[in-house]
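Student: here is the input, now give the coordinates:
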Amino acid sequence: MDNYLTPEEKQYLLLLGWFRRHYALYLGLERERPATGESILQFGRAWFGNQLLDLASAFPGLKHKQLIREEGGAIEFTEAGASQFAELDASETFYRYEYDNFFSLSEKSEAHALFCERVYGKNLNQHGLSDTGELRQLLAFLDLPSGAYGLDLGCGNGLITDYLQRRSGARFLGVDISPEAIRRAEQIRNPHLAFRVSNMNALSFSEPFDFIVSVDTLYYAADLSATVRDCLSNLRPGGIFACFFSQWINAEGERPFLEGTHTGLAKVLRELEQPFEFQDISESGRKHWRLKRDVLLDMRPDFEAEGNLALWDYRFREANRYAQWPADFYARFIYRVDKPA
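Tutor: Take a look at the predicted model:
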């Protein structure tokens, strides 16, 4: 069997692998819908947008390589295909194409710039949850000395990294899986910043950091425990790891996971026998989702006027889903971990 994968085949495998995950729910689709050629393309157009390749050759190629099969009109992985997808999703990642598409659209949009100002307090072309108030709270929790050297894990297009640098006086290396984001980050004129494409599932650096921050990016780790362990190993003795982490639950019986000591991240830190501190910012998170949804509803005509409804829809479907999430089924924290000196 030929294991070489074309770029089109890689995208097809990633889309099929993510077809039944929560991203389907953002689109109002049932997870158990059949994975047909057309439904996979529909899913790809929604999430990869202008980064979606012509996948016409992908299905026959993957079928020939015995990585997928079709039964009763539905496409599914073979055992070898499932294994290939798992490797690909850790190295190439679904998110790379999603965020390449987002940054290629958002930085050209005046409507999106105004949206960011209204939701986050300043246009840093934000995608996640952290507004300027939360970013200031993160820096206060870190209390960095001027000149400290740190890593921004999942820096996007670098504007948040630049904001953190200018308010703290620290030096930053920003890394992100999206080449499109890093290309833009490298255009920032700030001698205290450097950027490079890197994958949080395989971190490797030539020198340790005084601190590492993750601004709503740990959710994208293929293995949260492995990524946190890698972060800690890339800190100098006495270094600090700090991050935002939100926790959602689906049922009343899961309520203990909303406690700062029992979130998914807290569980990993306990397993690593790593003491930690946290600050509860749950109300900030709840307000964020409602504000994001309401501002998007108000600004839909602005996005439509500039021909950017695809970007509006991309932002709205996530915001609307979490704005409707039961308030008492959600919690949000800033965590701080100090590596022993």
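Student: ignoring the adjacent residues along the chain, who's closest to Ala46?
Tutor: Nearest non-adjacent residue to Ala46, counting by CB to CB, 6 or more residues apart in numbering: Leu27, 5.7 Å away. The C-beta positions use only the backbone N, C-alpha and C, and glycine is treated the same way.
Student: ok, so what distance separates the one you found from Glu318?
Tutor: 10 Å (CB to CB, to the nearest Å).
Student: next one: Ala226
Tutor: 26 Å.
Student: for Arg171, same thing?
Tutor: To Glu318, Arg171 is 33 Å away according to CB to CB.
Student: what of Leu62?
Tutor: Relative to Glu318, and taking CB to CB, Leu62 is found at 29 Å.
Student: okay, these two: which has more neighbours?
Tutor: The neighbour comparison of Leu62 against Glu318 (other CB atoms under 10 Å) goes to Leu62, with 26 against 16.
Student: in the strand of greatest length in the chain, what counts as buried?
Tutor: Assignment by DSSP state E gives strand 235-248 as the longest strand of the chain. Applying a neighbour-count criterion of 16 or more other CB atoms under 10 Å, one finds Leu235, Gly239, Ile240, Phe241, Ala242, Cys243, Phe244, Phe245, Ser246, Gln247, Trp248 buried in strand 235-248.
Student: sheet partners, orientation included, of it?
Tutor: Applying DSSP bridges, strand 235-248 is found paired with strand 209-214 (parallel), strand 330-338 (antiparallel).
Student: now the longest one: average pLDDT?
Tutor: Per-residue confidence for strand 330-338 averages out to 98 on the pLDDT scale.
Student: where in this structure is pLDDT low?
Tutor: Residue ranges of the chain with pLDDT under 70: 1-3.
Student: can you name the farthest residue from the center of it?
Tutor: Centroid-distance maximum for the chain: Gly72 at 34.7 Å, with CA atoms, centre = their mean.
Student: on that earlier part again, ok, the residue nearest to Ala46 - contacts?
Tutor: Listed by CB atoms under 8 Å, 6 or more residues apart in numbering, the contact set of Leu27 reads Phe43, Ala46, Arg317.
Student: and it, how far from Glu92?
Tutor: 22 Å.
Student: dump the strands paired with strand 235-248 into TSV; add mean neighbour count as well.
Tutor: Putting the strands paired with strand 235-248 into TSV (neighbours: other CB atoms under 10 Å) gives the following:
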stretch	mean neighbour count
strand 209-214	24
strand 330-338	21
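Student: using CSV, lay out these together with distance to Ser282.
Tutor: CSV is the format used below for the strands paired with strand 235-248 (distance: least, CB to CB, whole Å):
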stretch, distance to Ser282
strand 209-214, 18
strand 330-338, 5
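Student: out of those, which gets nearest to His288?
Tutor: strand 330-338 (8.5 Å; CB to CB).
Student: so how far is stretch 93-102 from its chain's centroid?
Tutor: 9 Å (CA atoms, centre = their mean, to the nearest Å).
Student: ok, now stretch 307-317?
Tutor: With CA atoms, centre = their mean, you get 17 Å for stretch 307-317.
Student: can you map out the helices along the protein?
Tutor: 7-18, 22-26, 37-48, 58-64, 79-91, 94-106, 110-120, 132-142, 159-168, 179-185, 224-233, 264-271, 282-305, 309-323 (DSSP state H).
Student: now those as CSV including distance to Phe329?
Tutor: Below are the helices of the chain laid out as CSV (distance: least, CB to CB, whole Å):
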stretch, distance to Phe329
helix 7-18, 24
helix 22-26, 15
helix 37-48, 25
helix 58-64, 38
helix 79-91, 27
helix 94-106, 25
helix 110-120, 22
helix 132-142, 21
helix 159-168, 27
helix 179-185, 31
helix 224-233, 20
helix 264-271, 14
helix 282-305, 10
helix 309-323, 10
